[in-house]
Structure formats: structure tokens, C-alpha cells
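1. Predicted model follows, preceded by the sequence.
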Amino acid sequence: MEKKRIGILTSGGDCSGLNAVLRGASRAADKLGWELIGFRDGFEGLLPPGDYTILDRRATAGIMHLGGTILGTVNKGHFVAKVGAGDVMAIPPDIIAKARQTFDALGLHALITIGGDGSLSTALQLHEEGFPVVGVPKTIDNDLEATARTFGFDSAVACVADALDRLHTTATSHKRVMVLEVMGRHAGWIALHGGLAGGADVILIPEIPFEFAKVADEVMRREHEGAKSTMIVVAEGASSKDGRQKRHSTASGEHRLGGIGEIVGREIGERTEKEVRTCVLGHLQRGGAPTTLDRILGTTFGVKAVQLVAEGRFGTMVSYQNYVTMDVPISHAVHKLRRVSPDCQMVETARAVEISFGD
């Protein structure tokens with residue numbers, strides 16, 4: 001088999017497990033006798049003359065347990081193809097031409113792009129322009145329709161569960177209501193899994209609009225039954241039945257969510273006259289060492305991406321379904337987000353252990 005040179009980059013928000021993907025891809029490429037080029041700062045590294053480093057065995061040794069990405073990443077810049085949920089913007093032709101110039105100058109055979117919905121939209125546009133691209137899904141929200149699991153999600157859930165473990169003790173000591181705001185713009189997977197694992201009493205997610213009155217009633221019901229505290233987990237994209245999501249406009253035109261935890265805390269405090277404290281996890285969910293599951297999944301995704309390049313299956317994305325790593329067209333991955341079904345088994349399980357969704 002001819003010796004090839006392939007490129008790889010990490011784009012969009014960082015998360016635990018990215019370095020495991022880079023290490024897996026590096027090892028798989030080295031075994032085939034190929035050279036792996038890592039572009040710095042996402043797609044921006046493709047701009048001439050190219051900002052890159054060689055990802056050989058030495059460069060990727062000892063990085064699997066590290067959070068973040070050794071290549072750096074951005075979610076802005078010249079290659080932004082998605083500015084909001086469902087809003088796609090074409091990459092300027094001159095930017096695509098510059099990327100092709102770097103691609104050709106380095107003699108690359110293919111490009112592996114690791115990213116979420118927005119980054120995969122960019123990868124799809126590059127593929128449609130003739131770039132041999134293979135995608136690797138990355139989002140802590142676990143909300144890509146074309147894969148059942150993304151690395152980084154398990155680490156984020158572990159962070160939520162750990163936070164709840166810590167909040168339980170102080171909440172019980174002071175007989176307080178604790179509100180924990182977690183990530184989840186359009187899907188409530190982190191809140192649902194983290195809340196269930198951490199023993200939450202109320203979970204509020206985007207897919208199930210809630211009522212403040214019912215959340216307050218649940219707090220009072222628990223108090224009357226002798227509970228010393230109530231733990232409420234709310235996804236940043238959650239909204240009440242008679243209200244809207246808490247949004248902040250950004251200079252790029254995208255709406256950034258956050259602040260719903262404070263609103264829930266204030267409303268519940270006023271309605272129950274109980275002491276309420278609010279905690280926002282924010283980027284703590286993105287950082288830190290990946291869990292063992294995310295290390296394994298990241299490694300598997302990196303190896304599979306190189307295999308797809310070897311098979312010439314360009315325009316595809318690595319996908320995890322039914323405990324098997326396969327591939328799907330990138331176009332299928334950016335069509336639709338995978339959201340929590342209000343009647344799914346996980347929600348039914350939560351309700352069975354008396355977790356309220358405020359509905």
C-alpha cells in the first residue's frame with residue numbers, strides 16, 4: 001500500500017476525549033506507514049501557509065488522559081458554516097480556495113475533521129467542494145442524530161453527578177433547595193443522565209416544558225414527607241410552558257443560552273419561601289480528564305476514521321450504533337439533532353424513582 005499523508009483537526013468546543021481520538025488516529029496511521037498532520041486551531045490551520053504539526057507516536061504519547069486538545073480549537077473564524085440551530089452559512093469561495101492550496105501543497109490524501117454539528121456542516125461543504133473528508137462526531141451534548149454516543153458526554157455526565165454528590169451534603173446540612181444548571185442547549189441528555197446518576201429530585205430539560213408551580217409543589221411535597229433538601233437539575237435550554245428560553249445575543253448573531261438556573265431558583269424561592277442556592281457548572285463539564293469510557297470511545301473513533309480513509313469512504317462520519325462503530329454519510333449527521341423523547345425509557349425510569357420533570 002502506498003505511503004500517504006493525511007490531515008486531522010479538532011474544531012468547535014473542546015471536550016474530554018479529543019486527545020484520545022488524536023492518539024488513536026496516530027497509531028492507526030503509523031501502522032499503515034502513513035504520516036498524520038495535525039492542523040492547529042481547527043479549520044483555521046488550513047489557511048496558507050498552513051499551521052500544523054506532525055502527529056507521530058512521540059507527539060501523541062501520554063496524551064490520552066489529558067482533557068482538551070493538544071491541537072487547539074476554535075468555534076469562530078473564516079470557516080464558520082453554522083451560526084445557529086438550522087442556520088447554515090456558505091463558506092466564502094476564496095477561503096475554500098486557500099484551504100485547497102494548503103491541502104495540495106502538503107500533498108494530503110484526506111482530511112479527518114473532529115467536531116460537532118457546526119464543524120461537520122463545514123466538513124460537508126468542503127466535501128461538496130471536492131475535499132476527501134472523513135468526519136468524527138464530537139459533542140458533550142450527545143445530540144447528533146446519526147450516532148448513539150459521542151465521546152465527551154460520559155465525562156460531562158460524571159461531572160454533573162460529582163457536583164450533585166457534593167451539593168447533596170451542603171443542601172442537607174442547611175435544609176436548602178439546590179438548583180444546578182448544566183449544559184444542554186437543544187437536548188437534555190446531560191441533565192437527564194447526570195440528574196439520574198446524581199440522585200436529583202427534579203430534572204428540567206428542553207424537551208419537556210415545565211411549570212414553576214409544579215416544581216414548587218414538588219419541593220413542598222418532599223418537605224412534608226420529611227426530606228431535608230431538594231436537588232433540581234436544569235438544562236440551560238429548558239423553558240417553562242408560559243415562558244421562553246433564557247438567551248443572550250452574541251456579536252456573531254448566535255444566541256447563547258444560560259441563566260435559566262437563576263430564574264428557577266428565584267421563582268422557587270418566592271413560591272416556597274425556602275432558602276435556595278443556584279450553581280452553574282458551565283465549562284467545568286468540558287474540562288478535565290476523560291472517563292475510561294470516553295478514552296475507549298475516542299480511541300475507537302480515531303482508529304475507525306483512519307480505516308475509512310484507507311477504504312476511500314469519503315464524505316462519511318464515524319458512527320456508534322448498537323455497540324458497533326460504523327459510518328454514515330456526513331449529510332445524515334447534520335440534518336437533525338437527537339433529542340430526548342418525553343416518553344423514552346430513561347424518562348420513564350426517572351419518573352419511576354419519583355423524579356419530577358415539572359410537567
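-> That came through, no problem.

2. Pull the contacting residues for Pro137.
-> Counting by Cβ atoms under 8 Å, 6 or more residues apart in numbering, Pro137 touches 115-116, 120, 144, 146-147, 150, 301, 317-319, 333. All C-beta spots, glycine's among them, are computed from the backbone N, C-alpha and C.

3. My reading is that Ala90 is in a strand; is that accurate?
-> No. Per DSSP: H, G, I helix; E, B strand; the rest coil, Ala90 lies outside any strand segment and is coil.

4. For it, give its distance to Leu180.
-> 39 Å (Cβ to Cβ, to the nearest Å).

5. quick revisit: okay if I get the contacts of Pro137 as TSV plus pLDDT?
-> Output for the contacts of Pro137, formatted as TSV (pLDDT from 0 to 100):
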residue	pLDDT
Gly115	93
Gly116	90
Leu120	93
Leu144	90
Ala146	91
Thr147	93
Thr150	94
Phe301	98
Met317	96
Val318	97
Ser319	96
Ala333	85
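
6. Which members of those residues are positioned in strands?
-> Among those, DSSP state E puts 115, 317-319 in strands.

7. Can you tell me which of the residues you listed is nearest Ser229?
-> Ranked by distance to Ser229 (Cβ to Cβ), the ones in strands among the contacts of Pro137 are led by Gly115 at 39.4 Å.

8. Run a quick neighbour tally on that closest one.
-> 25 (other Cβ atoms under 10 Å).

9. What sits closest to it if chain neighbours are left out?
-> Ser11 (4.0 Å; Cβ to Cβ, 6 or more residues apart in numbering).

10. got the domain boundaries for the chain?
-> Residue ranges for the domains of the chain, per automatic domain parsing: 5-151+290-333, 155-286.

11. Of all these, which one is nearest Ala350?
-> domain 155-286 (5.4 Å).

12. Would you work out how far apart the start and end of the closest one are?
-> End-to-end distance for domain 155-286, by Cα to Cα, to the nearest Å: 8 Å.

13. And for stretch 243-260?
-> First residue to last in stretch 243-260 (Cα to Cα) measures 11 Å.

14. likewise stretch 33-52?
-> Start-to-end, stretch 33-52 (Cα to Cα) is 19 Å.

15. Repeat that for stretch 222-241.
-> Start and end residues of stretch 222-241 are separated by 23 Å (Cα to Cα).

16. Stretch 132-150 too?
-> Termini of stretch 132-150 sit 23 Å apart (Cα to Cα).

17. Glu311: how many residues sit nearby?
-> Neighbour tally, Glu311, other Cβ under 10 Å: 11.

18. now the one 4 residues further on
-> Burial of Gly315, expressed as a neighbour count using other Cβ under 10 Å, amounts to 19.

19. Quick check on it: phi, psi?
-> As for Gly315, its main-chain torsions (degrees, to the nearest 10) stand at phi 80, psi 10.

20. what ranges do the helices span in the stretch 1-150 of the chain?
-> 18-31, 93-105, 117-128 (DSSP state H, counting those that start in this stretch).

21. quick one: low-confidence ranges for this structure?
-> The model of the chain has pLDDT under 70 over residues 1-2, 81-88, 244-258, 335.

22. returning to what we had before: of the ones in strands among the contacts of Pro137, which is the most crowded?
-> Met317 (30 neighbours).

23. That one against Ser119, yeah?
-> No. Using Cβ atoms under 8 Å, Met317 is not in contact with Ser119, being 10.8 Å away.

24. Could you tell me whether Asp343 really is in a strand?
-> No. Under three-state DSSP, Asp343 sits outside any strand and is assigned coil.

25. Compare the helices of the stretch 1-150 of the chain and give me the one nearest Glu311.
-> So among the helices of the stretch 1-150 of the chain, helix 18-31 is nearest, using Cβ to Cβ, at 12.4 Å.

26. okay, now Gly261: neighbour count?
-> For Gly261, using other Cβ under 10 Å, the count is 24.

27. Show me the beta-bridge partners of the residue lying closest to it once chain neighbours are set aside.
-> Spatial nearest neighbour of Gly261, excluding adjacent residues (Cβ to Cβ, 6+ apart): Glu181 at 2.9 Å. Glu181 has these beta-bridge partners by DSSP bridges: Val234, Val280.

28. Number of residues surrounding Glu181?
-> 28.

29. Report the contact partners of it.
-> 234-236, 258, 260-262, 278-281.

30. And those residues, which of them are buried?
-> 234-236, 258, 260-261, 278-281 (16 or more other Cβ atoms under 10 Å).

31. Pick the one among those residues closest to Val160.
-> Leu281 (6.6 Å).

32. For burial, what's the neighbour tally of the nearest residue to that closest one once chain neighbours are set aside?
-> Closest residue to Leu281 apart from its sequence neighbours, by Cβ to Cβ, 6+ apart: Val182 at 5.3 Å. Residues lying near Val182 (other Cβ under 10 Å) number 31.

33. Asp141 versus Val182, what's the distance?
-> As for Val182, its distance to Asp141 is 10 Å (criterion: Cβ to Cβ).

34. rewinding a little: which of the domains of the chain sits closest to Met346?
-> domain 155-286 (5.8 Å).

35. And the closest one, how far out from the chain middle?
-> When distances are taken as Cα atoms, centre = their mean, to the nearest Å, domain 155-286 is centred 19 Å away from the chain's centroid.

36. quick one, what contacts Ser240?
-> Ser240 touches 209-212, counting by Cβ under 8 Å, 6+ apart.

37. Take the helices of the stretch 1-150 of the chain and lay them out in CSV including distance to Thr325 and mean neighbour count.
-> Shown next, in CSV, are the helices of the stretch 1-150 of the chain (distance: least, Cβ to Cβ, whole Å; neighbours: other Cβ atoms under 10 Å):
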stretch, distance to Thr325, mean neighbour count
helix 18-31, 11, 24
helix 93-105, 26, 15
helix 117-128, 17, 24
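
38. Done for today, thanks.
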